[in-house]
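1. I'll drop the sequence and a predicted model, then ask my questions.
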Amino acid sequence: MKNLSFKFVLVFALIAFAATNAFGQTGIPKELTESPIREQMKYIEEHTRIYENFRAIREDIYQKINKNYTDTLLAERARIATLKSLTSDLNRKTDSLNVLLNTTRANLEEMTATKNSIKVLGIELKKGVYNTFMWTLIGALALLLVIGFLIFRRNLVVLLRTDKDLKDLKEEFATYRQTSRLAREKVEMDYFRELQKLKGK
């Protein structure tokens, strides 16, 4: 058993040493510096060999890919934290917009409800009832105005007729007074003459 593990470690060291010598002169491939992590893993799978379920990889490539993974994880964590912060901000904005929307809806419902009604002397009336009441009131006032105008016209006609009759009556009375005065004077003169005649006899 010990012998088998020793052989295994020896074979692995030999492969690692051979791979190090084989790639020792070359730099880190550009796939590990320019490509995304998935492409780097694909590159590692294609350019490394498996021996007895072990994959031999150069130390500098291992360190580079380890650093790339670490940098990617840190970048993703930072991105996740930024997204969480952004999500939190968006949730707060959504909540405030929902409150504003509910307020706007309530105002809209109130305006829709009050759109069809009018407050008159503190009493809320529907517009149809208000319009009916106002047109009835305007009609009644117009009728009263017409009736008042007709009464005024009739009174004016009666007044003018009465005034004419009064003038005629005054003239007639003046004529009568004049006639009666003359008649009375004539009667008095006749009476006086008759008295004089009786005294003369």
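-> Looks like it came in fine.

2. From now on I want contacts and neighbour counts done on CA atoms only, so please keep to that.
-> OK.

3. okay, and the helix or strand of this structure with the least pLDDT?
-> helix 2-23 (a mean of 56; mean pLDDT, DSSP states H and E).

4. Give me the next element, helix or strand, following it.
-> helix 31-34 (DSSP states H and E).

5. Which strands and helices lie in contact with that following helix?
-> With contacts defined as 3 or more Cα pairs under 8 Å, 6 or more residues apart in numbering; DSSP states H and E, helix 31-34 has these neighbours: helix 37-47, helix 59-115.

6. relative to helix 37-47, how tilted is the longest one?
-> Meaning helix 59-115. Counting by axes from the mean of the first three to the mean of the last three Cα atoms, to 10 degrees, helix 59-115 lies at 150 degrees to helix 37-47.

7. how far is helix 59-115 from where the chain is centred?
-> Its chain's C-alpha centre and that of helix 59-115 lie 28 Å apart, by Cα atoms, centre = their mean, to the nearest Å.

8. pLDDT below threshold where in the chain?
-> 1-26, 116-120, 122, 201 (pLDDT under 70).

9. coming back round to it: can you redo the helices and strands packed on helix 31-34 as TSV, where the extra columns are distance to Gly148 and mean neighbour count?
-> What follows is the helices and strands packed on helix 31-34, written out as TSV (distance: least, Cα to Cα, whole Å; neighbours: other Cα atoms under 10 Å):
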stretch	distance to Gly148	mean neighbour count
helix 37-47	100	14
helix 59-115	38	13
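
10. In JSON lines: those, plus distance to Leu141.
-> Listed next are the helices and strands packed on helix 31-34 as JSON lines, based on distance: least, Cα to Cα, whole Å:
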{"stretch": "helix 37-47", "distance to Leu141": "91"}
{"stretch": "helix 59-115", "distance to Leu141": "28"}
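
11. Go through these and name the closest to Ala140.
-> Among those, the nearest to Ala140 by Cα to Cα is helix 59-115 (27.1 Å).

12. who wins for proximity to Glu31 among the helices and strands packed on helix 31-34?
-> Per Cα to Cα, nearest to Glu31 of the helices and strands packed on helix 31-34: helix 37-47, 6.1 Å.

13. Quick one: distance of that closest one to the chain centre.
-> Helix 37-47 sits 58 Å away from the centroid of its parent chain (Cα atoms, centre = their mean).

14. same check, this time on stretch 125-142
-> With Cα atoms, centre = their mean, you get 30 Å for stretch 125-142.

15. Could you do stretch 161-178 as well?
-> 79 Å.

16. What of stretch 58-77?
-> 55 Å.

17. ok, now stretch 180-199?
-> The answer for stretch 180-199 is 107 Å, by Cα atoms, centre = their mean.

18. What is the burial count for Ile147?
-> 12 (other Cα atoms under 10 Å).

19. ok now do it, which residues does it touch?
-> Counting by Cα atoms under 8 Å, 6 or more residues apart in numbering, Ile147 touches no other residue.

20. Swap in 10 Å and give it another go.
-> Neighbouring residues of Ile147 by Cα atoms under 10 Å, 6 or more residues apart in numbering: Leu141, Arg153.
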